Each structure stands twice: as structure tokens, then as C-alpha cells.
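**Student:** dropping a prediction and its sequence here:
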Amino acid sequence: MKLGIGIDTGGTYTDAVVFDFDSKKILASAKALTTKEDLSIGIGNAMDGLDSRYFDQVSLVSLSTTLATNACIEGKGGRAKLFFLGVEKRVLDWVGKDYGLHPDSGEIYCCEYKSRYDGEITDQPDWSVLLADTKNWLHDADGLGIVELYAMKNGAALERKAKEVFSEHYSFPIVCGHELFSELNSLQRGASTLLNAKLVPVIHEFLTAIKSVLSQKGIGAPIVIVRSDGTLMSETFSRMRPVETILCGPAASVLGGAHLTDERDSMIVDMGGTTTDVSLVKDGQPVRAMDGVSIGQWRTFVKGVFIDTFGLGGDSALRQNGASLLLGERRVMPVCVAASRWPSVRQDLKALLASSRIHATLPLHEFFYLVRDIPNSENYSENELAFCRALRGRPLLMTEATEATGLDVYTLNTERLEREGIVMRCGLTPTDIMHIKGDFSVYDTEASRLAAQFVLKCLYADADAPCSMEEFCDMAYDLVRKKLYRNLVRILLQDRFPQMKKNGLSQQMEDLISESWEQNKRAHQTGYTEFGFTTKAALVGIGAPTHIFLPDVARALGTRCVIPENAGVANAVGAVMGSVSVDISIEVRPDHTPAGVESYTVLGTEKNTTVETLEEAVRIASAEAEEAAKAEARRRGVVGKIDIRTAVGHNTGRLKGNFEFDLGATVTATASGRVVS
């Protein structure tokens, strides 16, 4: 038997499966809580649930994770910098935010130099002056991305030189834009490269934990990780290109969900702890994102299966705002989980409920706990250091934490500590509501009930007739279902009408979708005008909570809900089913003169080459693309035979009078192969 182990580490759970490549069957599966403070604990617990007799037959370990996805959604990651060559700050001020680049964040250094549109450098930067000028800017950096405006037209000469210069003085990871992507849009390359640098410590921590556990289990099989397009890459490759994993977990869920069902047309809905990821399958094939993945604030060149990711999960925070219950996007640890780990949590909630403290908007029932310490770091303020010291013993309620640090609940600012994963909150979540309703009861149900009672107390402080606990729980469930329904309808509309994705849904359309949900909830339709949204695509639910929320949403959409067997470990199944596929594209550009096309320039990976004919340019581009694709496939972990396919797309335009205009060609080489022999 050829066996593989698939491991998926999400924000809440870590899943593991043993998969038989010959029979395409799952031989064993297990699930454990993800432990943010030490990922190896949760991974080890999941591996402990597998039959160890299979371990000596394992030929491959394949990974997926939503750690990078969650970091993008929640605005977390390492302290990275972007050295931007040739881009003016005023351009960043104007359109940078559209790509996730914020000029005032202190993360971007704009280095202007003289060059021409064709990429020729007319004046080199003064590197010694730049080193001195960037010293303070780089003092707290975890990583550096380097992007040059015309890198794709001059072989990335300045990117390579800048990397050489900075590497002589700094030990943190440095990655250039040309090493990641070959597309021309410099702002999108810049965003992709900065995000890559931010994610280096996230993936490094994950892979280090994986290797530690595998070593303890005596498993020496090669490690690969799922890319955002559902293909695989080697461990070494992923350490320097973690941006390729931003939709790693969702891509694995598509592969796993498609394998576990026979649905030809479906929406695969993967609800985890932090996010819900939705992908589309049409005629048995996953829909792909053609223009690069957008996630959170970031617009990137990462190629991937189409995934729409939004903040909704079992660990989304439920908070009061006046007389309204709100469902937020940021993940918190459910109080039921926290109380199972720290018994003091339940006692503190009892004391809070018995006190006279209430607040209309502040979540006084939430706790802070220390994920990792920052002893005496000069990169944090004294208030931040004092706050972390106060949390070393156990989680503290908001009021306790402020008292311990001499602050108050109105001046407490933990945003940076939370964003960087130093501190995390525990609070009321849909997972807690599941415990109260009896739909899921693995952890401390009493703690969930106490937190819910406190939120109820704050919600109805001025009401004559507060709602019951049952009504409160139903209200929370409806918030989850409504948010799920609204997003699924949005995705369907944007798929049908692409301009809606570009421009966003209007407020009127948002209101229409919300009203259609309320209309579907009513047992008897009484309105003069009735309307709704329907789809022929089945809703395939994977991820632990989907069986609770998805059936009602499917009914509202006039379709069926499918919860496959092994749905809870679909991501781990998807992780172990991938293969490697690499696309390398090279542009051939005509050199126009008043007399016509004079020559053709091949925009190569290392240098540009100018020849007289299009045929010669295509031949050179094909050979270079094929060699680059083969080399990239080997770097990603392919062993044995590599299959190569080359396609040539001729680009033309039309001028007034229906005159055809030569725009050159795009040559794409695709290399594919397996990571196990």
C-alpha cells in the first residue's frame, strides 16, 4: 500500500487522516483542538488519534492550513517591510489602499530612481545612502519584500541588487517580487510581496511544529503543502513563498469536498472557527480565480481556485450593542473551551454575573489570555508590557486586566497585541450557543450559560420583559444563518453578474437580500410582493458546524443540503490528494515604429531578448518557459517524470476601421508531476 497522511490545521481544530493512494479510501481519521500558543500540541493530539501501525508505510505527508488565511482576514502577521523601487509615494497615496498598501503604516519605503518605460536604468540608486537611511526603518522588521516598478522589463536588475545589498547587513528573510510573480502591475506585485513577508513567520511556526511532531512519531516522509490553486509545493519552497498558502485551507476543502460527494454543480461551504470559505463547482470542476486572489484588504497575484472567504465561524464573537446582539468577524476563544482549560474562567463569570456591572457596548464578559510572552521587548510600550505581565498567571476579565495595569476599560488599547497574536480574547461565540442548546457539548456548558446570561443582562437592562435563554440562543443562531445566507446570495449574484463583484452590491440589493431571508422565515407569505433567490447548485457542507446552519439556508435557496460522510476532516482529505502543476508565462512584445513592427522582444525571466521575427521570438520564449517550468516543478517537490505542455496565445487588437493591430504573444508552459514515486 502507498499511504499518505493529510494534516489540516485550522484556527480552531487540527484534523489528520491516513489515506490509501491505491484504493482512494480513508483508513483512519482524528480531530483535536488547535493550540495557538504551541501548534505542536494540537498537531500531536490529532496524530495520537491515528493508528500508529500505518506510520512506517507513509510515503508522503501533505498539509493544509487556514493560518495564513486567518492572518489576512484578521490583519495579523509578522512585522514586514516593503522596499519599493521606482514607485512614487503620491501614487501610493492615491491608489495604494485599493491593493492593501497603506503608505502611512510605516511598512513601505519608496526609493525613487531614474529609469525609462522600457526598463532601462539610467541612474542607479546610491546604495550606501539607502542603507543608512533605512536603518531605523528596518530595526524591528521580521522580513523584507523588494519590488521594482519595471522589474518585468529589465530582468529585475535592481531587485536583485537590492537583495544583495540588504542581505549583507540583515539576517531576516528577503524575497523579491520577481521571485514570486511575473505580472506587470507593480502595485499588485508590491501588495503580494509585502503580504508574503508578513506570512513568513506564520508558516515557519506551522512547519516547525509539524516537523517536531513527525520526528516524535518516527515519520520521515517528505512534506508538501497545498497551494491556493489546489496543487502542491515542497516544504522548502513554502517557507520562502508562504503567500502561496493564503487560500491553502480553502483549496484543500474544495478538493476534499469534491472527492467526498458526487455533485456536479455545487457550492462547497466550509465553516470553521474563524471564517467560512465558499467555492463553486460547475460540471464537476472547481471554478478558478483568473485575476489573482483577493482576501481581506489584499489584492494579490496568487493564482487559486475561486474562494470567497468571509468572517463567520463557530468562534466569531457575539457582543451586545445597546439593545442589539451583534455577530462580529474577529475570532475569540469560546468561553466553554477557556473554562475547560482554566477553571478560574467559570468562577470569574459567576462573580461578574452576581455583580452590578453591566455595559451597553463594552464586552465586559470577555477575557484576555497570553498566547506568547514578550519579555522586555523594546518594540512594545510599557503599557503593553505591563498588560502581558498581568496575564502570565491566567486569563483575566477586561476589568481585572485594566485594574492590574492601572488603566481603565476606556483607555485600554490591545489592538496591536491582538493583531500580532501576542494576546487573544475569550468570549461568547456560536460554539457556546451550541453548548447551551445541546447541539455540541464537549466543553464547559455552564461557562457558556453564564456568559450568555451576562450578555442578556446587558441587552435587556432597561427592558420590562427580557427574552428567555431559549429565545436568546435562537436569536444567535439566526444571526449565523442570516449572515451565511446573505453571503451565499452575494456570491451567486457576483458569479452571475461580474460587475457586481467589481463594484460591490448596492445598499438596496443588500436590503433586498436581508428582506428575502426574513420573508423565508415567515411560515405564511402575506406580502403583496414576494421574491427570493434560488440556485440549482447543491450546498455541500464541510466543517463541524455546517450541519446545524446550512439546511435552513439551503431551503431558503430552494436547493438541497449535502453533508458528506467524513465532512469534518474534508480539508485533511483534500490536502493529501493534490499534485504539482506549474504555469510559467513569458510575454513577447512587438516593437512598433511608424513603418510597422521592426522587431520582437522576449520579456524573459533573466533577461530580455530582441529578434526580428515573431516565430523566432516564440521559439525562444517557449524554450525558456519550458525550462523555467521544469525547474520550478522540481523546486516544488516533483520527483520522477515531468510532463510539459506549451500553449501560445496570439494577442491582437482592433483599431478604427476594423484594422487588426499586432500586440505580440503570450507563451505558457505547464509542467506537472507527482511528489511520490
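**Tutor:** Everything's here; your move. Numbering: from 1, shown residues only.

**Student:** which parts of this structure belong to which domain?
**Tutor:** With automatic domain parsing as the criterion, the domains of the chain are listed as 78-198, 316-472, 580-674.

**Student:** where does this protein have low pLDDT?
**Tutor:** Applying pLDDT under 70 to the chain flags the ranges 1, 114-119, 122, 465, 523-527, 655-658, 677.

**Student:** any idea which residue of it is furthest from its center?
**Tutor:** Within the chain, Ala595 marks the point farthest from the mean C-alpha position, 50.1 Å out by Cα atoms, centre = their mean.

**Student:** redo the domains of the chain as TSV? Include distance to Met290.
**Tutor:** C-beta here means a position set from N, CA and C on the backbone, and glycine is covered the same way. Formatted as TSV, the domains of the chain follow (distance: least, Cβ to Cβ, whole Å):
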stretch	distance to Met290
domain 78-198	12
domain 316-472	27
domain 580-674	12
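
**Student:** and these: which comes nearest Ser40?
**Tutor:** Proximity to Ser40 (Cβ to Cβ) singles out domain 316-472 among the domains of the chain, at 13.6 Å.

**Student:** distance between the ends of the closest one?
**Tutor:** Terminal residues of domain 316-472 are spaced 16 Å apart (Cα to Cα, to the nearest Å).

**Student:** indicate which one of the domains of the chain is closest to His547.
**Tutor:** Each of the domains of the chain has some distance to His547 by Cβ to Cβ; the shortest is domain 316-472, at 8.9 Å.

**Student:** can you pull the phi/psi pair for Val175?
**Tutor:** phi -130, psi 140 (degrees, to the nearest 10).

**Student:** actually Lys25, sorry about that
**Tutor:** Main-chain torsions, Lys25, degrees, to the nearest 10: phi -120, psi 150.

**Student:** any idea which residue sits dead centre in this protein?
**Tutor:** Centrality entry for the chain: nearest residue to the mean C-alpha point is Thr69, 1.6 Å, by Cα atoms, centre = their mean.

**Student:** and that residue, how far is that from Leu327?
**Tutor:** As judged by Cβ to Cβ, to the nearest Å, Thr69 and Leu327 stand 19 Å apart.

**Student:** do the same with Ala197
**Tutor:** Separation of Ala197 from Leu327 (Cβ to Cβ) stands at 32 Å.

**Student:** tell me which of the two has more neighbours.
**Tutor:** Between Ala197 and Leu327, Ala197 has the larger neighbour count (other Cβ atoms under 10 Å), namely 27 against 18.

**Student:** correct me, but that one touches Phe83?
**Tutor:** No: between Ala197 and Phe83 there is no contact under Cβ atoms under 8 Å: 10.1 Å.

**Student:** common neighbours of those two, please.
**Tutor:** Taking Cβ atoms under 8 Å, 6 or more residues apart in numbering as the criterion, Ala197 and Phe83 both touch Leu144, Gly145.

**Student:** coming back round to it: which SSE is the residue nearest to the centre of the chain in?
**Tutor:** Per DSSP states H and E: Thr69 is located in helix 67-74.

**Student:** so which elements touch that helix?
**Tutor:** Using 3 or more Cβ pairs under 8 Å, 6 or more residues apart in numbering; DSSP states H and E as the contact test, the elements touching helix 67-74 are helix 186-216, helix 248-260, strand 294-295, strand 324-331.

**Student:** show me the contact partners of the helix or strand following the longest one.
**Tutor:** I take that to be helix 186-216. With elements assigned by DSSP H and E, the helix or strand that comes after helix 186-216 is strand 223-226. Identification of contacts with strand 223-226 by Cβ under 8 Å, 6+ apart yields 60-65, 207, 210-211, 214, 232-235, 238, 245, 248-249, 251-252, 255, 574-575, 578, 637, 675.

**Student:** ok, for Ala386, nearest residue in space, not its chain neighbours?
**Tutor:** Thr405 (4.6 Å; Cβ to Cβ, 6 or more residues apart in numbering).

**Student:** can you list phi and psi of the one you found for me?
**Tutor:** Note on Thr405: its backbone torsions stand at phi -110, psi 0 [degrees, to the nearest 10].

**Student:** burial count for it?
**Tutor:** 20.

**Student:** got the contact list for it?
**Tutor:** With contact set as Cβ under 8 Å, 6+ apart, Thr405 has these partners: Asn383, Ala386, Phe387, Ala390, Leu412.

**Student:** again, but for Tyr113
**Tutor:** Leu85, Gly86, Ile121, Asp123, Gln124, Pro125, Leu158.

**Student:** what subset of the residues you listed is buried?
**Tutor:** Among the contacts of Tyr113, the ones that count as buried by 16 or more other Cβ atoms under 10 Å are Leu85, Gly86, Ile121, Pro125, Leu158.

**Student:** how far away is the third one from Glu159?
**Tutor:** Think Ile121. Applying Cβ to Cβ, the value for Ile121 to Glu159 is 11 Å.

**Student:** again with Asn376
**Tutor:** Distance from Asn376 to Glu159, counting by Cβ to Cβ: 37 Å.

**Student:** for Asp56, which non-adjacent residue is spatially closest?
**Tutor:** Excluding the flanking residues, the one nearest Asp56 by Cβ to Cβ, 6+ apart is Gly218, at 7.4 Å.

**Student:** and that neighbour, how close does it get to Lys24?
**Tutor:** 26 Å.

**Student:** and if you look at Ser128?
**Tutor:** Ser128 sits 60 Å away from Lys24, taking Cβ to Cβ as the criterion.

**Student:** check Arg425 too.
**Tutor:** To Lys24, Arg425 is 42 Å away according to Cβ to Cβ.

**Student:** looking at the two, which has the bigger crowd around it?
**Tutor:** Neighbours were counted for Arg425 and for Lys24 using other Cβ under 10 Å; Arg425 has more, 19 against 10.

**Student:** adjacent strands (with direction) for the helix or strand hosting that one?
**Tutor:** Taking DSSP H and E as the criterion, Arg425 maps to strand 423-427. With DSSP bridges as the test, strand 423-427 is paired with strand 333-334 (parallel), strand 367-370 (antiparallel).

**Student:** before I go, just wanted to say thanks for your time.
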